[in-house]
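Peer 1: What follows is a protein structure lacking sequence information:
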């Protein structure tokens, strides 16, 4: 009699192994979740939070070489930390460099990054923060610049204990942030405030002076500049700071921004040193007392290198207190340097004018715009341009003394051709000028002293 031995079922074995693996996987997941929950509960204990706050304060203080305080720390999951009442003392002891109600920090949680580079900060958010910018006597850099060099050193200092975190910022978020720089010696007070700002970096290499930004978005920014008579520097105690600028640095800052957007901005400039009070008529642009609002800017492929700005202007719009309104300024190619402003593929629209083609301004320095009719050399190529006389007089108010401009301030002139020179030494070539009454002028012209001289004003 033969005995039949049952053969093992391979499918049954596979199911058993799979069931075993699933059970172990479930146990592992619950173990990890339990461990995370336990760690979170432990972190809620006040002694643990106090220890972490002290650890963070000490680490950041050592890195910045100044006092840092944290009021309270909150952990959101395991990759986000909120530091409440975050304080950084100024390099000149006793003052405040930065205070933020909330400083939120995001960490890289990739285990391979943690093993290879340690705890890495990739995103920072500031809420209700104030920066006080100062420059110590004889110092070459502001306190903020020195702090940034310490955060991003060219050659990291050797640390016996080893630094437990590093900066690799990819995103910066700002909510109700203000910057204040009050320089009584130089005679300038600069105030900048921002309701909301978001910056996405491709590369932030401060030691190498290379900044590559994917996008910047600013909502309701405010920039106020007040100029006044400076106070001669008295004999002061100079804080000896390890000034990074003392190291010979031949690298030039290079900045690239793929997309820059500003919405509903405001700008004001008041030069009380040159003009203690505004004396110009309310409807006239005053370069010493400017108030600009409703500023919208959209610029693409912006770059800065060797004191030259390049980019494509999609749109700039604004309103000035004098009543001047710029509905749109766009240019396929824009260049601004210390001696040239060049706009190619230009389009300018105001409620009364529409100008296109090319416009170039040449000057010795940007301050020459304050005496525009005498100091700024223009080159304009116009095609089917409609120019309101009142808009010309906005930038050259001295033209009000010219009978032609004064009597035709409400006229809109149609222009084709080329115009060169300064307002007070203007030349036209191959011009076709048409007035609203049907008059038409063809040819070239030259003129002198169309506006009142402004150098002595």
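Peer 2: Everything's here; your move. What you are looking at is a predicted structure, and each value in this text was computed from that prediction instead of being measured.

Peer 1: When you work out contacts or count neighbours from here on, use the C-alpha atoms and nothing else.
Peer 2: Noted.

Peer 1: Other residues contacting stretch 123-142?
Peer 2: 92, 96-107, 143-144, 169-183, 236, 238-239, 243, 245 (C-alpha atoms under 8 Å, 6 or more residues apart in numbering).

Peer 1: So among the residues you listed, which ones count as buried?
Peer 2: Applying 16 or more other C-alpha atoms under 10 Å to these, the neighbour count classes 92, 96-107, 143-144, 169-183 as buried.

Peer 1: mind listing which of these are in strands?
Peer 2: 96-107, 169-183 (DSSP state E).

Peer 1: surely residue 430 meets residue 441?
Peer 2: No: using C-alpha atoms under 8 Å, residue 430 is not in contact with residue 441, being 10.3 Å away.

Peer 1: Within the helices and strands, which one has residue 361?
Peer 2: strand 354-362 (DSSP states H and E).

Peer 1: show me where the stretch 51-200 of the chain has helices.
Peer 2: 111-117, 143-151 (DSSP state H, counting those that start in this stretch).

Peer 1: rank those helices by pLDDT, which is bottom?
Peer 2: Here the lowest mean pLDDT among those goes to helix 111-117, at a mean of 52.

Peer 1: Please determine how far the closest residue in space to residue 364 that isn't next to it in sequence is located from residue 309.
Peer 2: Ranked by C-alpha to C-alpha, 6 or more residues apart in numbering and with sequence neighbours excluded, the top spatial neighbour of residue 364 is residue 339, at 5.1 Å. Distance of residue 339 to residue 309, given as C-alpha to C-alpha, to the nearest Å: 12 Å.

Peer 1: cool, residue 107 as well?
Peer 2: Distance from residue 107 to residue 309, by C-alpha to C-alpha: 34 Å.

Peer 1: can you check residue 125 too?
Peer 2: Relative to residue 309, and taking C-alpha to C-alpha, residue 125 is found at 28 Å.

Peer 1: repeat for residue 230
Peer 2: 30 Å.

Peer 1: neighbour count winner among these two?
Peer 2: residue 309 (17 against 13; other C-alpha atoms under 10 Å).

Peer 1: got the buried residues for stretch 264-283?
Peer 2: Those would be 264-272, for stretch 264-283 by 16+ other C-alpha under 10 Å.

Peer 1: What is the most widely separated pair among the residues you listed?
Peer 2: 264 and 272 (26.2 Å; C-alpha to C-alpha).

Peer 1: show me where pLDDT drops low in the stretch 201-350 of the chain?
Peer 2: 232-251 (pLDDT under 70).

Peer 1: can we see that at 90?
Peer 2: 203-210, 228-253, 273-288, 306-307, 322, 337-340 (pLDDT under 90).

Peer 1: same question, the stretch 51-200 of the chain
Peer 2: 51-84, 86-98, 103-123, 132-170, 181-188.

Peer 1: now with 80?
Peer 2: The model of the stretch 51-200 of the chain has pLDDT under 80 over residues 51-60, 62-63, 73-81, 91-94, 107-121, 134-145, 148-168, 183-186.

Peer 1: Return the distance of the closest residue to residue 366 other than its chain neighbours relative to residue 393.
Peer 2: Counting by C-alpha to C-alpha, 6+ apart, residue 366 lies nearest to residue 338, which is 6.4 Å off, once chain neighbours are set aside. Per C-alpha to C-alpha, residue 338 is found 25 Å from residue 393.

Peer 1: With neighbour numbers in mind, choose between the two.
Peer 2: residue 393 (18 against 15).

Peer 1: Can you tell me the SS state at the more buried one?
Peer 2: Under DSSP: H, G, I helix; E, B strand; the rest coil, residue 393 falls in the helix class.

Peer 1: Hmm, it is touching residue 399, no?
Peer 2: Yes: using C-alpha under 8 Å, residue 393 is in contact with residue 399, at 5.9 Å.

Peer 1: Could you name every residue contacting both of these two?
Peer 2: residue 405.

Peer 1: Now for residue 29, how many residues are close by?
Peer 2: Applying other C-alpha under 10 Å, I find that residue 29 has 12 neighbouring residues.
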